[in-house]
Structures are given as C-alpha cells and as structure tokens.
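Enquirer: Show me the folded form of this:
(chains A and B)
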Amino acid sequence: MKCLVTGGNVKVLGKAVHSLSRIGDELYLEPLEDGLSLRTVNSSRSAYACFLFAPLFFQQYQVATSGQDPLRCKILMKSFLSVFRSLAMLEKTVDKCCISLNGRSSRLVVQLHCKYGVRKTHNLSFQDCESLQAVFDPALCPHVLRAPARVLGEAVLPFPPALAEVTLGIGHGRRVILRSYQEEEADSTVKAMVTEMSIGEEDFQQLQAQEGVAITFCLKELRVRLPAHTHHPVLPACPGPGLTALPLPSQGLLSFAESANLSLSIHFDAPGRPAIFAIEDSLLNGHFVLATLSEPYPHSQDLRSPELCRPAPQLQAHSTPLLDDFANDDIDSYMIAMETTVGCEGSRALPSLSLPPGLQPPCSPGPHSEEEEDEDEPSTVPGTPPPKKFRSLFFGSILAPAHSPQGPRPVLAEDSEGEG
Amino acid sequence: MKFRAKIVDAACLNHFTRVSNMIAKLAKICTLRISPDKLNFILSDKLASGGVSMWCELEQENFFSEFQMEGISAANNEIYLELTSENLSRALKTAQNARALKIKLTNKHYPCLTVSIELLSVSSSSRIVTHDIPVKVIPRRLWKDLQEPTVPDSDVSIYLPVLKTMKSVVEKMKNISNHLIIEANLNGELNLKIETELVCVTTHFKDLGNPPLASENASQARNPEQMAEVHIDIRKLLQFLAGQQANPTKAVCNIVNNKIVHFDLLHEDVSLQYFIPALS
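Expert: Model (predicted):
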C-alpha cells in the first residue's frame, strides 16, 4: 500500500486522527478500493469511529503492490497520533505526507516531506489484524437530524466540559432539545445543575423524527473542546475563563466538521440502539457510532413536557423523590454485533465462530464510518471506559490477538448497507 | 413563594454576570436572599467557611427590567435560597449574546432557580438555553444567622491601594508563609507583613488616605502613627483579592486590632463586605 497526501489535506488527515484518538487506543488502517479506512473502537466497545478517505483525497493512492494481498494493520493510536500531533506544524511546514505499508518489514512508514528539504520518517510497528467492522446502517434508523456542524457545535457550548451524557430529542413544537443527563444516585444530596438547549426546526437541514423521541449518549465522545481555535467559523463570543494559550491537543468530530464546513447527520432509533453521527463530502466520509442508554427516561427527561418554567407553587419542605429508579443494573442494551464470521450478516454472532478457510472478505462498498469527536477529557487516563450503563456495542472481544499470519481470518461480514 | 425576574439590557446582564463571577470566586456555597428591593449574596461566618463572612448587596431595579417576588409570608416577605455559586456563574456565562434572560424560582422535583436565556440567532428561530440550578430553601428559623453583619467599631479605617497590586504582592507572600499580618494607621499607611524564622518581608503602602472618622473623639484619642493590626490566614485574603476582577469604585479596609479585618467595597452599584477574622 502506498498513498501520498499533499497540501491542506495533510492537516485534514491529522485532524481526523486526532478525533479518532479520543475514542480508542488502537487504530485500524485498511486500504480499500474505495479509499483508505481508519477505524477505532473504545475499550468498552460502546463507541466506534471510522473515517474513509476516497482515492481522490490522495495525490497518489495504491491499494496493494502487485501480487500482494492488501494489508490490514493495527497500530497504536499514540504512535500514529504523534506524527500528526501538532496541527499547526502540519499546516505550516509539511508539504507532503507519504504513508506506505511494507508487509515484509512489518512497518508502517509515514514520511513527512517538510519545507527546506527536511524529511521526517516515522517507522511504526503494526500488527496484522482482522478488519474492524461494525455492522450498522444509517438507512435503517427511522430518525434523522441534519444540520451544519456549526449549529451543533454552538448547541453544546452551554454544557459543562465535564458533562458525560446528554439527551437529544424532539420536544414541543418540533424543537430539537439537548439536555444534560444526570445519573440518579439514590443517596445524592447534592444535585447537579441541569442544562437544556432548545433549537428551532429551521436551523436544521433535515429533521425526520417525531416529537417525543429521544436518545441519551455520551457527549464527551463528540464534544468540541472549548473554542480556543481560530478556525471556528462563527461562534458566539464566549470568553470563558477556561480558555488557555495552550494549543488544542486534539479536536472533536464537531470541530472537525465545522472547520471543514460540513453538515453533521445524526441517525438514531429507539433508546438502547446505537446512534450514528455522520459527515460526508466528496473526498471523505466519517461515521461515529455511539451506544445509547436503553432505560426509560425519567419524567425530568421527558422532552415533551409542557413549558418547563412554571411558577413555583408552595414548595415542599423537602423535595419529592424522583419517580424512576435507576438502581436497576440489568440493562437490556441493544448491541451491535461485531461480526467475526463472514457468513453472518447483519445478525448477532459470537466471536468464537470459526471461519471456513479460504474465504475472502467481501469487498465492502465504502463502509459508512461514524465520526466521533471526543471531548478532550480532563483526565489523562486514555480510553477511560464510559459508565457501566453503556453496555458494549459488540459481543466480547472481536479482535483476536495477532497470531501467525494465517491465523486470523479475514473478518467481517460485509457491510449490509447499500450505496450511501 | 414566588420569584421571577427578567433582564433585557446587555450592560445590566454583563454587570450581573460579573457579580456572579465574583461571588463564585469568594464562596463555593452561598445564600441568595431575595427581597422586594434587593438581592443579597450572603456567606455567614460558620466554621465551614473558616470564619470568613461576606455580604453582597445590589438594588434589583439597577439590573432587572421586571422583578416580582412573594416571600414566605406577608410579614416575612423574603426568600432565602442556598445554592452553589458556580452554577449561577456558569449559567450566566452562556448569556453572552442573549436577547433576554429570565430567572424564576421553580419546582421541578426539587426547588430550582431556573435561568432561561434567549440567545440571539442568525436564523429566524430563537435558541433557548435553560439552566435549572438546584437550590435549598432556607427555613425561616435559620434566617437570623444570615442577617447583615454589624460593622464593628474599627480602630483604623483606611482606603485600599490598587487591588491588583495587593493581590500580586500577597500571591508571592503566600509561598513563604500562611500567616500574614495586615496593619494600618490613620496616616494613610498600610503594611502587609510576613514573618518566618528565616525571613521577614514587609510591603509598605503609603499615602492611601483615610476616610473621615465617625466620631471626633476617636480621632483625637488615637495616635495617627499607631498601627492597628490583625493576623490572618493569607489564603483567605488571597481568595478575597482574587475575586475582584476590576478595581472597585470605593475600597475601604477597617481593622479592629487583633480581632477582625473588614473590607468594604463598592463595585459601581454593588456593595460587597468581606470579613476575615484573626487567627486564633
């Protein structure tokens, strides 16, 4: 495999890697006929992200050197990210970036051709692996929201950076509502502030959902870091004290989409079924798939409730307990099957099924990848799994450790979705 | 009990935001007292705050275009709410580009102060951000602990120097010792001192001026050169100074020898009183 990225696309590639880095610790790189696919999944398997860069994105794109099978590899996210760590540097000094996979030396070579004849070569070791593929289909989701990324970026600004989960839904008057989600702890005496953002239907390019539908997902995986970046096109003046002079270490999906002036589509279904966040343009597309909470929502989360601001009646001496009980651990989450068998498509499969030898993975037509932007988490522990309520999207571990080259079967059920 | 108020003027909104930012820096949890004419942010001198107390007062009509309240009863027409100050300042932070801001006392499963902000938007539809700040209603029997503190008869009363300068001095001193001596006299001199085994550092502020004294007797009795001093915890002074973002319109420091230091500030039309007790 060999591909050459030039000019401004180097930074775009770098930004994509930054957003992927917030999700998982390992990057799955796979050159396909449709383009270069970069994928990752988080440790608890509740978030999956994938970018696909079309061949046109590259000045030169060669899937496989003749005679060789296309390689699939898995690299440490940290290593790959270190090549693209400073986006400012990429923009200013890098002219070209060449990525090549050499099966013989089992090294992924990333070479940055910089100004003044400087050439930086990174040799990253990789592991052979199965193809990481989540089975999901945005077309199967009954509800769709689509808006310029800027709208959604502005929508999440009022929420505190530390907020984990948020509920997105359609409220009264077909307004799109984002509300902070609080996990109910029975013994909590200190209640947290609840923030809600309500956006009119007119701000959306597409709104296909009924009033009352809502899903709850982890906002951190999508989140824009506090805007210190000048690339943001239009943002409300928000001189928060949190802004520092430090460069953004990584960007979320929302800011990636904003800086590329793209629209973000959100495809979702019933609570518990994964939500798909997608961006697309002629040169690339991205999909981030997030697990959603499957519990019934408490009254406070009922987005259809009439005008929330009621004049306070005689206040009780102590507050009435919330009616819904969240102590229930037995959550019936929907899980996306991570297929490890070729034969099973679109259905749940156990990872331990053995594949008949010799089966080639079907050529997947541009898999839709979910893009997720991760909020830059205050904690430095990478890949901190989200709370237990988000059960794994995938059954168990879908990724067998690297064995001998013949060991891992070419994975994956073909992507059941049709042409995007 | 009822409370609803509205701000439509951008300058008032910014001013109110600045006040809440200041309160958030001075007290993690404070009491908001709502009365027909005023709003007060109160920190009472309980052990939890280390004996520090604060009384901040603003006239509601300087901020709100609409203001309605009904207290606990006709005789006690006031509302006392306990809240986490940072929640209010965070809520107001989103009001940077607001068309209007409404605050209401609501009951959504538990009592809340609901801040509802209508944002300016390029499109025809407005965007509304709502923050529900959980509050605790303070019962009538506890109100007596939350009254305006009486200003003590001070030994010395002096105008403060530029607070930013004071803050940077105190910040550096904090690294050397936790124990600070603040002293002043009626000759316009104020000193900040720290003393350790190895080193003593004093910063002298001169020509500060003293406010006119209340009674003539006091001024004659006291030697203008004589310093009144209080030993305080330097971190409390630093917290107070850090909360002042702009230089106040008026800033007076009253010292009761070895008892308490009282700061009396006026930020435009908002008054702030802050008491730091002597170290025991």
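
Enquirer: Quick check, pLDDT for the closest residue to chain A within chain B.
Expert: Nearest to chain A in chain B, going by Cβ to the nearest Cβ, is residue B:125, at a distance of 2.6 Å. In this view, the C-beta of every residue, glycine as well, is placed from N, C-alpha and C. pLDDT recorded at residue B:125 is 73.

Enquirer: What's the local residue count around whatever residue of the stretch 51-200 of chain A ends up closest to chain B?
Expert: With distances taken as Cβ to the nearest Cβ, the stretch 51-200 of chain A approaches chain B most closely at residue A:200, which sits 2.6 Å away. Using other Cβ atoms under 10 Å in any protein chain shown, residue A:200 has 18 neighbouring residues.

Enquirer: The one 3 residues further on too?
Expert: When neighbours are defined as other Cβ under 10 Å, residue A:203 has 22 of them.

Enquirer: cool, residue A:204 as well?
Expert: When neighbours are counted by other Cβ under 10 Å, residue A:204 registers 22.

Enquirer: residues in contact with the closest residue to it other than its chain neighbours?
Expert: In space, and not counting its chain neighbours, residue A:204 is closest to residue A:147: 4.5 Å by Cβ to Cβ, 6 or more residues apart in numbering or on different chains. If a contact means Cβ atoms under 8 Å, 6 or more residues apart in numbering or on different chains, then residue A:147 has A:203-205, A:263-264 as its contacts.

Enquirer: try residue A:101
Expert: Taking Cβ under 8 Å, 6+ apart, we find residue A:101 in contact with A:1-2, A:29, A:31, A:71, A:73, A:108-109, A:126.

Enquirer: At which residues are the strands of the stretch 1-150 of chain B located?
Expert: B:2-7, B:29-34, B:38-43, B:53-59, B:66-70, B:79-84, B:98-108, B:110-119, B:127-134, B:136-137 (DSSP state E, counting those that start in this stretch).

Enquirer: Columns mean neighbour count and distance to chain A on top of those, output as a markdown table?
Expert: What follows is the strands of the stretch 1-150 of chain B, written out as a markdown table (neighbours: other Cβ atoms under 10 Å in any protein chain shown; distance: least, Cβ to the nearest Cβ, whole Å):
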| stretch | mean neighbour count | distance to chain A |
| --- | --- | --- |
| strand B:2-7 | 19 | 6 |
| strand B:29-34 | 21 | 10 |
| strand B:38-43 | 21 | 17 |
| strand B:53-59 | 20 | 20 |
| strand B:66-70 | 16 | 9 |
| strand B:79-84 | 20 | 8 |
| strand B:98-108 | 21 | 5 |
| strand B:110-119 | 23 | 3 |
| strand B:127-134 | 24 | 4 |
| strand B:136-137 | 20 | 6 |
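
Enquirer: Could you export those strands as TSV, including distance to residue A:194?
Expert: Conversion of the strands of the stretch 1-150 of chain B to TSV gives the following (distance: least, Cβ to Cβ, whole Å):
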stretch	distance to residue A:194
strand B:2-7	18
strand B:29-34	18
strand B:38-43	22
strand B:53-59	26
strand B:66-70	23
strand B:79-84	13
strand B:98-108	8
strand B:110-119	8
strand B:127-134	4
strand B:136-137	16
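
Enquirer: any idea how far residue B:84 is from residue B:3?
Expert: Per Cβ to Cβ, to the nearest Å, residue B:3 is found 18 Å from residue B:84.

Enquirer: average pLDDT for stretch B:186-197?
Expert: Averaging pLDDT residue by residue across stretch B:186-197 gives 94.

Enquirer: so where do the helices sit in the stretch 151-280 of chain B?
Expert: Secondary structure of the stretch 151-280 of chain B (DSSP state H, counting those that start in this stretch): helices at B:163-174, B:216-221, B:234-242.

Enquirer: Out of those helices, point me to the one whose mean pLDDT is lowest.
Expert: helix B:216-221 (a mean of 60).

Enquirer: The spatially closest residue to residue A:193 that is not a sequence neighbour: neighbour count?
Expert: Nearest residue to residue A:193, sequence neighbours excluded (Cβ to Cβ, 6+ apart): residue B:87, at 4.5 Å. When neighbours are defined as other Cβ under 10 Å, residue B:87 has 24 of them.
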